[in-house]
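Peer 1: Curious how this folds, go ahead:
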Amino acid sequence: MDIPIAALNQFSYCPHRCWRMFCAGEFVDNQYTVEGTSLHERVHTLGEGMREETWQVRAIWLRSDRYQLVGKADLVETSDGQTYPVEYKRGRRGEFGNDALQVCAQALCLEEMLGRSVSQGYLYYAQSHQRQLVEFSAALREETIAAIASVRQLLLTGLMPPAIYGPRCRGCSLREQCLPRAAGQLQRYQEAV
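Peer 2: Numbering: from 1, shown residues only. Next comes the predicted model:
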């Protein structure tokens, strides 16, 4: 079973959101998802070419047989003999680590496809027009591999993780579907009875 790289980002952000999207097939747009879709429509124009001293390939499909991953990279660049993924995001800067995990998963695919190490990548945040360097440390690689195993288990079992209210819920497009505060109150009520 192939794991979509995007599912790793969603799982790291919120396991319940990942379940709703990839097991239940639910998705609702909000301001943030519409902005992200618009950004990716511009970015995902298939193409390749030189930009100054850097070779760029846009909208390239990545695959890892070892990790059973598949997904599309926004941009892969090669400069000075180093190849690295660049993932585009709509905001100013990621707060929760899920974006770094996604770009690390892309690097795992590139390593297998190219047969060489990929030590870093970038997150490009459209709102700030800034790139954030992501070093693929042993800890980030381990976290990414653990997320792959967790998502695989989620997709195989289809078991719904609990909806847990937190700061991430404020911007979630599926907030009205999972009602995390109500779910938490119901659970506390059931435990008290």
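
Peer 1: now the nearest residue to Q127 once chain neighbours are set aside, what's its secondary structure?
Peer 2: Of all residues not flanking Q127 in the chain, R92 sits nearest, at 4.7 Å (C-beta to C-beta, 6 or more residues apart in numbering). C-beta here means a position set from N, CA and C on the backbone, and glycine is covered the same way. Under the three-state scheme (DSSP: H, G, I helix; E, B strand; the rest coil), R92 adopts coil.

Peer 1: show me the contacts for R92.
Peer 2: R92 makes contact with 125, 127-128, 130, according to C-beta atoms under 8 Å, 6 or more residues apart in numbering.

Peer 1: how about 7 Å then?
Peer 2: 125, 127-128 (C-beta atoms under 7 Å, 6 or more residues apart in numbering).

Peer 1: For this protein, give me the ranges with low pLDDT.
Peer 2: Low-confidence segments of the chain (pLDDT under 70): 28-46, 94-96, 180-190, 192-193.

Peer 1: Let's see that with 80 instead.
Peer 2: In the predicted model of the chain, residues 27-51, 90-96, 168, 170-193 satisfy pLDDT under 80.

Peer 1: Show me where it has its helices.
Peer 2: Using DSSP state H, the helices found in the chain span residues 5-13, 15-22, 31-43, 98-114, 138-157, 175-178, 180-192.

Peer 1: Those helices: which one's closest to Q82?
Peer 2: Closest approach to Q82 among these (C-beta to C-beta): helix 98-114, 10.9 Å.

Peer 1: Now do that closest one: distance to the chain's middle.
Peer 2: Its chain's C-alpha centre and that of helix 98-114 lie 10 Å apart, by C-alpha atoms, centre = their mean, to the nearest Å.
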